[in-house]
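**Q** Predicted model, plus sequence, below.
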Amino acid sequence: MSGNPAVVMRLVASAYSVAEKAGAIVRKVLHSGDLGIVEKTGANDLQTLADRLAQKSICASLSRRFPKVTIIGEEDLPCEEVQEDMIENGQAEEILQKICPKEYEALKEEELVVWVDPLDGTKEYTEGLLDNVTVLIGIAYGGRAIAGVINQPFYNYQLGSGAALGRTIWGVLGLGAFGFQLQEGPADKRIVTTTRSHSNKTVTDCVNAMEPHDVIRVGGAGNKIIQLIEGKASAYVFASPGCKKWDTCGPEAILHAVGGKLTDMFGNLYHYNADVKHMNSAGVLATLRNHDYYVSRVPQSVLRALKSD
């Protein structure tokens, strides 16, 4: 390891450890039996104590070590002192050992934007569908998602007490993605993953237009990207403005790091500058391969219903 790894690698190494700490918080709140649920905009847009505590831990931990980085979290929380036991100071040594891609070697803290979803799949979390739940941290430079971390707090939870609980996936553009086994879905089948709880006619029409052999309806954007990179699905199709930048930044970076692609329904890339609007108004279309094919299948009626960013 060089004496002073590049800022972006140190930030990813911190984000890895911070995401693991957040995952532990998410598990602890669940086991406490008191989820502290509040509705933000309705029954399908919930916030729990785990969302609040995990975001405080992530943002406070990263901002302490990287004070000039812009950090944008999903939850609108009051500014208050965070207890010391919520701070994670660790950094993943495995990441610090990696060689930073040349184009990111000289990046400064103030050039980076971090997007945080402390608990992606909150509705599923409250319903006990724990394999849908992820913690997402995305890192952007020049408006592009360049690195990401996905923690699955309950990975292996169905295997019982003997299994190691939780895992963390991470990736950097130009370096690759780690923490999982990359697999492509069956070449002769189109398997579409889409929303479980935010469907509407536009979403359904678009999914049907892909002529899928099968449809997997699950919660969480992070979870759906994992479906792609582990070969369970061919495309993630969500023709609706429900997704936000903190849902897609980290997962997009990981997907792009292994050769996949995430765009809006028009085939345009999303931008992750600090001043962009948070809503992904034109939906989400993600694939590991054959992206242009899926873009070509999006019906004109769906495109008319959405607004290109």
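**A** Noted; the coordinates are in hand. Numbers count the residues shown, from 1 in each chain.
**Q** Show me which parts of the one helix or strand residue 30 maps to are buried, residue by residue.
**A** Using DSSP states H and E, residue 30 falls within helix 7-32. The neighbour-count check on helix 7-32 (16 or more other CB atoms under 10 Å) flags 7-27, 29-30 as buried. C-beta: built from backbone N, CA, C; applies to glycine.
**Q** Who are the packing partners of it?
**A** helix 49-65, helix 93-96, strand 112-120, strand 134-141, strand 144-152, strand 167-172 (3 or more CB pairs under 8 Å, 6 or more residues apart in numbering; DSSP states H and E).
**Q** Now render the ones you listed as TSV, adding mean pLDDT, distance to residue 188 and mean neighbour count.
**A** Output for those, formatted as TSV (pLDDT from 0 to 100; distance: least, CB to CB, whole Å; neighbours: other CB atoms under 10 Å):
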stretch	mean pLDDT	distance to residue 188	mean neighbour count
helix 49-65	94	40	22
helix 93-96	98	36	16
strand 112-120	97	31	27
strand 134-141	98	29	29
strand 144-152	98	28	29
strand 167-172	98	27	24
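**Q** Can you check which of those gets nearest to residue 80?
**A** Judged by CB to CB, the one of these that comes nearest to residue 80 is helix 49-65, at 8.2 Å.
**Q** Keeping just the C-alphas, turn stretch 155-173 into PDB.
**A** Extracted in PDB, the C-alpha atoms of stretch 155-173 (Å, rounded to 0.1, in the frame of the first residue of the first chain):
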ATOM      1  CA  TYR A 155     -27.900 -11.500   3.800                       C
ATOM      2  CA  ASN A 156     -28.200 -15.200   4.800                       C
ATOM      3  CA  TYR A 157     -30.800 -14.500   7.500                       C
ATOM      4  CA  GLN A 158     -32.900 -17.400   6.300                       C
ATOM      5  CA  LEU A 159     -30.100 -19.900   6.800                       C
ATOM      6  CA  GLY A 160     -30.400 -19.700  10.600                       C
ATOM      7  CA  SER A 161     -28.000 -18.800  13.400                       C
ATOM      8  CA  GLY A 162     -25.000 -20.700  12.000                       C
ATOM      9  CA  ALA A 163     -24.700 -18.600   8.900                       C
ATOM     10  CA  ALA A 164     -22.600 -15.400   8.800                       C
ATOM     11  CA  LEU A 165     -25.200 -12.500   8.700                       C
ATOM     12  CA  GLY A 166     -24.800  -9.600   6.200                       C
ATOM     13  CA  ARG A 167     -22.400  -8.800   3.400                       C
ATOM     14  CA  THR A 168     -21.000  -5.700   1.700                       C
ATOM     15  CA  ILE A 169     -20.600  -5.300  -2.100                       C
ATOM     16  CA  TRP A 170     -18.400  -2.400  -3.400                       C
ATOM     17  CA  GLY A 171     -17.100  -1.200  -6.800                       C
ATOM     18  CA  VAL A 172     -15.200   1.600  -8.500                       C
ATOM     19  CA  LEU A 173     -15.300   2.400 -12.200                       C
END
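**Q** Give me the distance between residue 132 and residue 216.
**A** As judged by CB to CB, to the nearest Å, residue 132 and residue 216 stand 11 Å apart.
**Q** Repeat that for residue 97.
**A** 36 Å.
**Q** Of those two, which one has the most company?
**A** A side-by-side neighbour count of residue 97 and residue 216, using other CB atoms under 10 Å, places residue 216 first with 16 against 12.
**Q** Okay, and the beta partners of that one?
**A** residue 193 (DSSP bridges).
**Q** how about the nearest residue to residue 50 once chain neighbours are set aside, what does it touch?
**A** Nearest non-adjacent residue to residue 50, counting by CB to CB, 6 or more residues apart in numbering: residue 29, 3.9 Å away. Residue 29 makes contacts with 35, 36, 48, 49, 50, 53, as judged by CB atoms under 8 Å, 6 or more residues apart in numbering.
**Q** didn't the second one look like it was pressed against residue 46?
**A** No: using CB atoms under 8 Å as the test, residue 36 is too far from residue 46 to be in contact (10.3 Å).
**Q** quick one: which of these two has more around it?
**A** Shown here are residue 36 and residue 46; by other CB under 10 Å, residue 46 has more neighbours (18 against 13).
**Q** Give me the below-cutoff pLDDT ranges for the stretch 201-309 of the chain.
**A** Along the stretch 201-309 of the chain, the parts satisfying pLDDT under 70 run over 308-309.
**Q** Quick check: residue 214 vs residue 286, distance?
**A** 17 Å.
**Q** out of those two, which sits in the more crowded spot?
**A** The residue with more neighbours, out of residue 214 and residue 286, is residue 286; 27 against 13, by other CB under 10 Å.
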